[in-house]
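> can't give you the sequence, but here's the structure:
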């Protein structure tokens, strides 16, 4: 319940943008954060994929579909007899870049064509 007021307070302190970390709390509160930031024309940058559709200008997120596929391949190896202790595990190798043109426009930002060309998904085209 304090998130909208905290976000509004942050927006009045002379910051240039809000950058949200990837957390369940930030994700569940994002609509309130976005609404307060939108009133102040404050851009939001984030790391949780769902925030792109909800008003973040630019999002860099893990590709959870790719991570699921990789996990399934590891599970298949174990089911075929591979020993988990000998398997090489690695963090997510693939990220997705998402851009929301509507949110950028609301904040008065122009997204460079190079960023748009690199984006995996563009909202508001």
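Yep, it's here. A quick note: this is a predicted structure, and the numbers were derived from the prediction, not measured.
> Residue 122 in helix, strand or coil?
strand (DSSP: H, G, I helix; E, B strand; the rest coil).
> how close does it get to residue 10?
Distance from residue 122 to residue 10, counting by Cβ to Cβ, to the nearest Å: 27 Å. In short, each C-beta sits where N, CA and C put it, glycine included.
> One more: residue 70?
Going from residue 70 to residue 10 by Cβ to Cβ gives 37 Å.
> In what element of secondary structure is the residue of the chain most remote from its centre found?
Most distant from the centre of the chain: residue 81, at 36.8 Å, with distances by Cα atoms, centre = their mean. If you go by DSSP states H and E, residue 81 is not part of any helix or strand.
> One more: residue 116?
Residue 116 is part of helix 113-118, with elements assigned from DSSP H and E.
> That helix packs against which elements?
Other helices and strands packing on helix 113-118, by 3 or more Cβ pairs under 8 Å, 6 or more residues apart in numbering; DSSP states H and E, are strand 95-100.
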